[in-house]
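Enquirer: Provided below for reference: sequence and predicted model.
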Amino acid sequence: MAKLYFYYAAMNAGKSTVLLQSSYNYQERGMRTMVFAPAIDTRAGLGRVRSRIGLEAPAEVLSATDNLYRRVEREHGLSPVACVLVDEAQFLTPAQVDQAADIADNLDIPVLCYGLRTDFQSNLFPGSARLLALSDDLIELKTICHCGRKATMNLRTGPDGHALREGAQVEIGGNDRYVPMCRRHYKEAMAKG
């Protein structure tokens, strides 16, 4: 029986690298994968997954109005799909997470989702909350704070490098805007603002 997996971490933990490696492992054995990237995140270019270490691959563009189940079902009918992989899964809608679970349950295709658990204010993203609720397996990928401890928080910074406390939940950015931190240093940075 196929499962729904949620690989979560703070920024810079290598989520996209692991996704690309997983897809490659399937393809190397002659199995077809479908890789999805959110339409909202165009840092690597529309329809691309790129890791910070330079690995990249094409991806299916997924917008908030797309039905993930129907797209995979259609492609699977044309040519068997062995695995579905979703980058930046925090941007999935709760309905799309339900659809991902249906892919695993009804189509018997494993779905591997990679994303952030929380935003810069330490609140769950709606997609991440639903993944935490429905996933068969939850896997934490780890990165480190500047102090060497495990980073679990995502600090958003302004142009001056200081922590931002307010703003939209979704603001696309990388190392230029976000710093992974342990909870202690995140709280200290937020208190200073």
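Expert: Sure thing, it's come through. Numbers count the residues shown, from 1 in each chain.

Enquirer: any idea how far residue 184 is from the most centrally placed residue in the chain?
Expert: Geometric centre of the chain, nearest residue: residue 115, 2.2 Å, by CA atoms, centre = their mean. Residue 115 sits at a distance of 24 Å from residue 184 (criterion: CB to CB, to the nearest Å). Just so you know, the C-beta spots here come from the backbone N, C-alpha and C atoms, and that holds for glycine as well.

Enquirer: same thing with residue 98?
Expert: 36 Å.

Enquirer: repeat for residue 39
Expert: Distance, residue 39 to residue 184, using CB to CB: 36 Å.

Enquirer: Also residue 108?
Expert: The gap separating residue 108 from residue 184 is 44 Å, by CB to CB.

Enquirer: Could you do residue 21 as well?
Expert: The value you get for residue 21 to residue 184, if CB to CB is used, is 31 Å.

Enquirer: Setting aside sequence neighbours, what's the nearest residue to residue 16?
Expert: residue 51 (4.1 Å; CB to CB, 6 or more residues apart in numbering).

Enquirer: Also residue 71?
Expert: residue 60 is the one closest to residue 71 (CB to CB, 6+ apart), at 7.1 Å.

Enquirer: Same question for residue 14.
Expert: residue 141 (6.2 Å).

Enquirer: and what of residue 128?
Expert: Leaving aside its chain neighbours, residue 128 sits nearest to residue 90 (4.7 Å; criterion: CB to CB, 6+ apart).

Enquirer: List the residues that contact the one you found.
Expert: 115-117, 119, 125, 127-128 (CB atoms under 8 Å, 6 or more residues apart in numbering).

Enquirer: Using TSV, please lay out these together with distance to residue 162.
Expert: Shown next, in TSV, are those (distance: CB to CB, whole Å):
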residue	distance to residue 162
115	26
116	21
117	24
119	18
125	23
127	28
128	26
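
Enquirer: Beta-bridge partners for residue 180, please?
Expert: For residue 180, the beta-bridge partners under DSSP bridges are residue 154.

Enquirer: can you tell me which residues contact it?
Expert: 10-13, 143-145, 151, 153-155.

Enquirer: quick revisit: out of residue 98 and residue 184, which sits in the more crowded spot?
Expert: When residue 98 and residue 184 are compared for neighbours, residue 98 comes out ahead with 16 against 12, by other CB atoms under 10 Å.

Enquirer: So which other helices or strands are in contact with the helix or strand hosting the more buried one?
Expert: Taking DSSP states H and E as the criterion, residue 98 maps to helix 94-106. Packing partners of helix 94-106 (3 or more CB pairs under 8 Å, 6 or more residues apart in numbering; DSSP states H and E): strand 4-9, helix 68-78, strand 83-86, strand 111-116, helix 126-134.

Enquirer: Would you mind saying which of these lies nearest residue 29?
Expert: Among the helices and strands packed on helix 94-106, strand 83-86 comes nearest to residue 29, with 10.7 Å by CB to CB.

Enquirer: quick check: mean pLDDT across that closest one?
Expert: For strand 83-86, the mean per-residue pLDDT is 98.

Enquirer: Could you do stretch 127-138 as well?
Expert: Stretch 127-138 shows a mean pLDDT of 98 in the predicted model.
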